[in-house]
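Participant: how would this look folded up:
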Amino acid sequence: MMMAVQWVRNHIGFFGGNPYQIVVMGHGTGASSALLVALTNVAKGYTNGVIALSGTAVSHWAVDNEPITTAREVADYQGCPTASALSMIKCLQQVPGTSVIQGDSYIANNRLQSRGFTSGLQGRLGSIPVTELQYDGRSLPPMVEGEPLDKMHHKEIPKIPLLTGVTKDETKNAINGQYQNDIKRQLRSIPHFLDNVLVKDLQSLTGLGRKGQNNESASGLWTLLEPLKFIKYTAVESVTEGLNKISEITADALFNLPAFLTANLWSKTGAPVFLYRFEHSGKSKTARHFLKGLPIIGDYNISDTNNNTVGHGDDLIYLFEARSLNGTAIPDVEEDFTENDRKVRDIFTEMISTFARHGRIDIDKKEIPSFSDKSNNYVQISARPKLLNNFRFCEMALWAGLTERLQSAACSLLQVLDTQLTNVGSVLLGTVDSAGSQIIPGKPSLVGSAQQIGGNLGGILNINMGGNKSNRGILGIL
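Facilitator: A predicted model of the protein is given here:
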């Protein structure tokens, strides 16, 4: 990836391009890779902007936190020894590229079968980039030097424009598709499934909950909220509601939170940052033409044209033509395009091209402000795009541990109240005052206090609902 960017820098001028206006762009894992390229010192100064669709460098799939396990699985498949790292590497260097790709697919399928439906949503199934320690000159410089979340927290970020965002229902097609029966079984049979099992699992997958090599910035932060404090957020009355809630929960943890964290931390450099949420639902779902084979796009043989789901990859048809791997146009993909679909395509492509050229985005020919940690502003992309504030305001507070925001009037319905949480701040993002309007910078001294009380933050076992106590937090499903 870095070699490609370097090649463009060195040669694009011969094709009439500007070598000092290179904007890297990607979707999903490609979005994570684009941000990793922007963050690496190896390609420092080569990128002049980043467009990251449905993924960031702090997404769970961006880096491998168990590289030794992955390396051994790859070696085992290829019949290479694993007892000695040197012997393993020398053996793998002799393996044909096609065999490496086949092995990666085999490992991904095995992990998908053994790790449950969340593994299919979070995408870290095969070989991916690995974080390395600080470069000391004794070897080739690492591409990913330290945890991306730490680099952002410490403002080790290039001051270049960033455009990032998500679709409205990133995981919903998969939840309602091939994983539906498995999820229903777990909802019916496993106590605490939503608020304790699923939330706890997802917490370990997020950038804040993941324990990396040098991930000190998140230390203590994730202990602020135990899974049972998500009880009102996860409350449902039926299995059908449970499916919809799981779609919301997984999208928040795996997509919305990384986008929010990245926009928030990147904006602290003073660089222009823009966050969007793609909410236009076309008549036909076309993610399969771009992402065929990915578990997260769901079972595309199931017709879902009668709902308003906007799943992972459903936005791509509004930016690109649908083509096969060899470049052949796929016929009849746009035969159901409506006037609104064409309008959204014009809006989305204009937004992307304006950002690439000028580092800004416009709505109705009016320049919109950069993302602010006070307003959490974002662009709602539809046939009538809008600039809105408070991106998933209370939900992001739950996942990021912004306790003062949770105790504000705006988030009172979640009922995350605990006297032990008062004045405990967020190390990474700062906290919001009770009115939900002012950012108060986090203080490093709060980390220790957060760690000390972390083990004592009990879950809410009983909720007063109209005078009646409920054990919904214990059962997960009623």
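Participant: Every contact and neighbour count from this point should use C-alpha atoms.
Facilitator: Fine.
Participant: Where does the prediction get shaky in this structure?
Facilitator: 114-116, 118-126, 207-224, 298-306, 417-478 (pLDDT under 70).
Participant: how about the most centrally placed residue in it, secondary structure?
Facilitator: Residue closest to the average C-alpha location in the chain (CA atoms, centre = their mean): residue 255, at 3.1 Å. Three-state call for residue 255 (DSSP: H, G, I helix; E, B strand; the rest coil): helix.
Participant: what sits against it?
Facilitator: Contact analysis of residue 255 by CA atoms under 8 Å, 6 or more residues apart in numbering lists 54-55, 59, 166, 170.
Participant: May I see those residues organised as TSV, with distance to residue 369 added?
Facilitator: Listed next are the contacts of residue 255 as TSV, based on distance: CA to CA, whole Å:
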residue	distance to residue 369
54	21
55	22
59	25
166	19
170	26
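Participant: Which two of these have the greatest separation?
Facilitator: 59 and 170 (13.3 Å; CA to CA).
Participant: helix/strand/coil for residue 276?
Facilitator: What three-state DSSP gives for residue 276 is strand.
Participant: That one contacts residue 164, correct?
Facilitator: Yes: between residue 276 and residue 164 there is a contact under CA atoms under 8 Å: 6.5 Å.
Participant: Verify the contact between residue 256 and residue 167 for me.
Facilitator: No: look at residue 256 against residue 167 with CA under 8 Å: they stay out of range, at 9.0 Å.
Participant: Who's the closest spatial neighbour of residue 21, skipping the chain neighbours?
Facilitator: Spatial nearest neighbour of residue 21, excluding adjacent residues (CA to CA, 6 or more residues apart in numbering): residue 48 at 5.5 Å.
Participant: Please work out how many residues are found near that neighbour.
Facilitator: Residues near residue 48, counting by other CA atoms under 10 Å, number 19.
Participant: Let me know the secondary structure of the closest residue to residue 6 other than its chain neighbours.
Facilitator: Counting by CA to CA, 6+ apart, residue 6 lies nearest to residue 46, which is 6.9 Å off, once chain neighbours are set aside. Reduced to three states with three-state DSSP, the structure at residue 46 is coil.
Participant: ditto for residue 290
Facilitator: helix.
Participant: ok, now which ones touch it?
Facilitator: So residue 290 contacts 313, 316, 322-323 (CA under 8 Å, 6+ apart).
Participant: And it, how close does it get to residue 181?
Facilitator: In this view, residue 290 and residue 181 are 26 Å apart by CA to CA, to the nearest Å.
Participant: What of residue 345?
Facilitator: Separation of residue 345 from residue 181 (CA to CA): 35 Å.
Participant: same question, residue 334
Facilitator: Counting by CA to CA, the gap from residue 334 to residue 181 is 32 Å.
Participant: Give me the more crowded residue out of those two.
Facilitator: Comparing residue 334 with residue 181 by neighbour count (other CA under 10 Å), the higher total belongs to residue 334, at 15 against 12.
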